[in-house]
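# need a structure here:
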Amino acid sequence: MSATSLYKAAATLIASTGLATLCAPFTGGMGTIFTLHRVIPRRRDTDFQPNRHLAVTPEFLDSVIARVRRRGYDIVPLTEAVRRLKAGTSDRPFCAFTLDDGYRDNIEYALPVFQKHKAPFTVFVCTDVIDGTAILWWEILEAVLASTDTVEFDTGKHVLNISVPDALAKCDASRTIEKHLLSIPSEAEARARVVALAEQYGVDYRAIARELGATWEELKRAVKDPLFHVGAHTVSHPFLSRLSEAEIRAEVSRGRTRLEAELDVYIEHFAYPYGFKEACAKREFDIVGTMGFKSAVTTRPGVLVADHARSLHALPRVSLNGNYQNRAMVDSLISGVPFFIGNGFRRAPVLT
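As a prediction, the model looks like this:
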């Protein structure tokens, strides 16, 4: 059984046995910040979908919003979530929905679902995505592997020659190449490797960003809806841990300033690109914490507890992963039980 299947089975068991409901008052904390990326109709054209985990269907999003409300959760904007954390108490559990990067489908498919439920949400926007110049390497890699039955990739130490005759082999190759890309210590070098791979296989990486990203005009229309909030997510979606402090400040401040100028909004919240510990840790938290944001969110898993008021620039989120689109999974996640178990039957530590 794969790790994905094992995790899904465990979470389903937690919900179906009633453990999630029983333990939620003790493990569920004050609330949850959900992470999403793309919201698109289910793809049926191919079995090769290495980025499946980044996408949920509009129908699943609809069911999650309805379900958390039935469970007694208030759906609040991030500013209200932060206010409740700082107050240290909330009469009702709460959740906030966030979507990363700035995909067009956030407006085309997600916004109507949130409008149906009158539910606020935040889109964390990389300005290069909106400019159509972002190097979305995970999408580029998918396009390259979909186009060929063999792939060569220069790791810097040696050249991988991988046969990819079917969807399973392509998914394995995608994970292998991704691992190498994420291990490269230089942001510029990692991007250069992706661009070289795209050019080698005739993939127009610029067209991918233009096709998938929202435009400035689309964003300007969307922010007129009071439910649609915008947060900063840097200019180019870099591994911040690969950058100097000056480069981090430039990425964060330039992205924020551009959003405020283009959209005529005040940006109060930030999301770290990638968000896991290898990409952002104490140094990055400390830097962003001095830049005037009310909060900053990671992708480290966990529910919110009162102690997170001490680490508002290192908040955990709960991923609505496209591999786990079922109601039992949602019940397990908001209960906090999987994170409690994963942390050795202790509340997850506050990140500082």
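
# Check which residues of the longest helix along the chain are buried.
If you go by DSSP state H, the chain has its longest helix at helix 245-263. Buried positions in helix 245-263, judged by neighbour count with 16 or more other CB atoms under 10 Å: 248, 251-252, 255-256, 258-259, 262-263. Backbone N, C-alpha and C define where each C-beta goes, glycine included.

# Three-state assignment for L13, please.
Going by DSSP: H, G, I helix; E, B strand; the rest coil, the secondary structure assigned to L13 is helix.

# which residue packs closest to it, ignoring adjacent ones?
In space, L13 comes closest to L19 once its chain neighbours are excluded; the distance is 7.9 Å by CB to CB, 6 or more residues apart in numbering.

# if I read this right, the one you found contacts F340, doesn't it?
No - L19 is not in contact with F340 according to CB atoms under 8 Å; the separation is 10.5 Å.

# Tabulate the buried residues of helix 245-263 in a markdown table, adding columns for distance to R38 and pLDDT.
Below are the buried residues of helix 245-263 laid out as a markdown table (distance: CB to CB, whole Å; pLDDT from 0 to 100):
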| residue | distance to R38 | pLDDT |
| --- | --- | --- |
| I248 | 26 | 98 |
| E251 | 23 | 98 |
| V252 | 23 | 98 |
| G255 | 20 | 98 |
| R256 | 23 | 98 |
| R258 | 22 | 98 |
| L259 | 20 | 98 |
| E262 | 22 | 98 |
| L263 | 21 | 98 |
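
# For the residues you listed, give me JSON lines that also has distance to E80.
Converted to JSON lines, the buried residues of helix 245-263 look like this (distance: CB to CB, whole Å):
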{"residue": "I248", "distance to E80": "28"}
{"residue": "E251", "distance to E80": "27"}
{"residue": "V252", "distance to E80": "23"}
{"residue": "G255", "distance to E80": "24"}
{"residue": "R256", "distance to E80": "21"}
{"residue": "R258", "distance to E80": "26"}
{"residue": "L259", "distance to E80": "21"}
{"residue": "E262", "distance to E80": "25"}
{"residue": "L263", "distance to E80": "21"}
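
# from these, which is closest to S174?
Lowest distance from S174 to the buried residues of helix 245-263 (CB to CB) belongs to E251, with 26.3 Å.

# Please determine how far C171 is located from F48.
For C171, the distance to F48 equals 7 Å [CB to CB, to the nearest Å].

# got it, and V330?
27 Å.

# Between the two, tell me which one has more neighbours.
V330 (24 against 18; other CB atoms under 10 Å).

# List the contacts of that one.
64, 67-68, 320 (CB atoms under 8 Å, 6 or more residues apart in numbering).
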